[in-house]
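Student: Starting from these lines, generate the structure:
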Amino acid sequence: MKNENVQFVKSLFENPLNFLKLDTPQVYKNMTVIPIILQDDKFIDFISIKKAEELELIEILETDTVGQLEVINKSDKQILIPFGMTVHGGKQDRTIWEPILLPVGGKQSIVSQNPGTVKQKYTVPAKCVEQSRWRYTKGRGFKTSNTRLHPNVAYAAISAAGQGAVWNEIQSHRAEMNYDLSIAPTQNYLEMTKQSEKQTENIIKHFKNVENQCGIAVFINGEFIGMEFYANPAVWKTMSEDILKAFSIESLRFKDKPQDKVVEYHEELIKILNKIKFNFSTREGVALGNVVEFNSDDMKWRGITLVHGRGMAQFYLVSKRGGYQESPRSNIQFQTVINQRYEV
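Tutor: Sure, this is the predicted structure:
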């Protein structure tokens, strides 16, 4: 089964058009977005954590460990918690660092105060995106944020290098964006990125979703930097603005860099996907499906996906460009193991 999951993901890189339809590229200044439409047979029935939260169908709770949160599914629906989702509250703001598809049923039943109803609880892996706070400000609960990790921090979050890599990348982002030291005194990534929110909102309003869109592939200055898609168009629609804002941070980071001329973006994207050489690892997901991680030989690309049935609930691929420079000794091939999910 493990080899089947890896081969399934490999086949996307080998033959992208067997999975995806690429719509007309949309361009604003140095950012180009290709809308992605998934083949119908790859769809999965689920709702996003944001939708579940809006309907009061999910709770996210603090634990005594930085590297884990508890999530209670109160619904009769499958719920996706995507990689890169940030939540604020508790003792520190966190990010969920692998995609998780919660089933209708669960591992641990909690008797509800309302007769006839059952809640389902899961322990999920998290990394801190707020370094200098470890106290409650508004209770044990968390709420989802509209801030997704931008590519460099996401790249660090996928890595098995641990919590320090995420903090290093956040500090590097503070420096390159020239955020004043009075901003986000607890080194809170969510507070930092608010400083560029008006600029990112101005960028994303120039990109429109197309019918049945499931994701995007993004070029900055003519260079492919990453892609993300979901096996459900409704979930993409719910998440799309947050995802576009995360990628648009790259547009701001490299706005003064020269642009490469790309004649045909579709051909360029397929050529790059075919060309990247990856090392793959796979493991059982926290709930449904299997997580597959992939890391390129040149350490430029990292990605993660959750394979469930004939689909990928979430697919995320990103490149690292600039930012925090790791020492040569840290450039090792990684393979996340189960116990790393809950280590700081």
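Student: what's the burial count for Asp45?
Tutor: 10 (other CB atoms under 10 Å). In short, each C-beta sits where N, CA and C put it, glycine included.
Student: What separation is there between it and Glu197?
Tutor: Per CB to CB, to the nearest Å, Asp45 is found 33 Å from Glu197.
Student: just checking, Asn188 touches Arg94?
Tutor: No - in this structure Asn188 lies outside contact range of Arg94 using CB atoms under 8 Å: 11.2 Å.
Student: Identify each buried residue in the helix or strand hosting His173, please.
Tutor: If you go by DSSP states H and E, His173 is part of helix 163-176. The neighbour-count check on helix 163-176 (16 or more other CB atoms under 10 Å) flags Gln163, Ala165, Val166, Trp167, Asn168, Glu169, Ile170, Gln171, Ser172, His173, Arg174 as buried.
Student: Now do the closest residue to the last one other than its chain neighbours against Tyr179, distance only.
Tutor: Think Arg174. Nearest non-adjacent residue to Arg174, counting by CB to CB, 6 or more residues apart in numbering: Met192, 5.9 Å away. Remark: distance between Met192 and Tyr179 (CB to CB) = 5 Å.
Student: Looking only at neighbour counts, state which of Asn188 and Arg94 leads.
Tutor: Between Asn188 and Arg94, counted using other CB under 10 Å, Arg94 has the larger neighbour count: 27 against 21.
Student: Not counting its neighbours along the chain, what's nearest that one?
Tutor: Excluding the flanking residues, the one nearest Arg94 by CB to CB, 6+ apart is Ala126, at 3.9 Å.
Student: What separation is there between that neighbour and Phe315?
Tutor: According to CB to CB, Ala126 and Phe315 sit 21 Å apart.
Student: Please apply the same query to Lys29.
Tutor: 26 Å.
Student: for the chain, what helix or strand is lowest in average pLDDT?
Tutor: Lowest mean confidence among the helices and strands of the chain (mean pLDDT, DSSP states H and E): strand 108-111, at a mean of 44.
Student: following that one, which helix or strand shows up next?
Tutor: Counting by DSSP H and E, the element after strand 108-111 in chain order, helix or strand, is strand 118-128.
Student: mind listing what's buried in the following helix or strand past that following strand?
Tutor: Using DSSP H and E, the next helix or strand after strand 118-128 towards the C-terminus is strand 141-148. Neighbour-count burial for strand 141-148, counted by 16+ other CB under 10 Å, picks out Phe142, Thr144, Ser145, Thr147, Arg148.
Student: With stretch 17-34 instead?
Tutor: With burial defined by 16+ other CB under 10 Å, the residues of stretch 17-34 counted as buried are Phe19, Leu20, Leu22, Asp23, Pro25, Asn30, Met31, Thr32, Val33, Ile34.
Student: Which pair in those residues has the greatest spatial separation?
Tutor: Phe19 and Asn30 (27.7 Å; CB to CB).
Student: thinking again about what came up before, contacts for the helix holding His173 next, please.
Tutor: With CB atoms under 8 Å, 6 or more residues apart in numbering as the test, helix 163-176 has contacts from 66-67, 95, 127-129, 131, 150, 152-153, 155-157, 159, 184, 187, 189, 192, 253, 322-324, 326, 343-344.
Student: and those residues, which are buried?
Tutor: Buried by 16+ other CB under 10 Å: 66-67, 95, 127-129, 131, 150, 152-153, 155-157, 159, 184, 187, 189, 192, 253, 323-324, 326, out of the contacts of helix 163-176.
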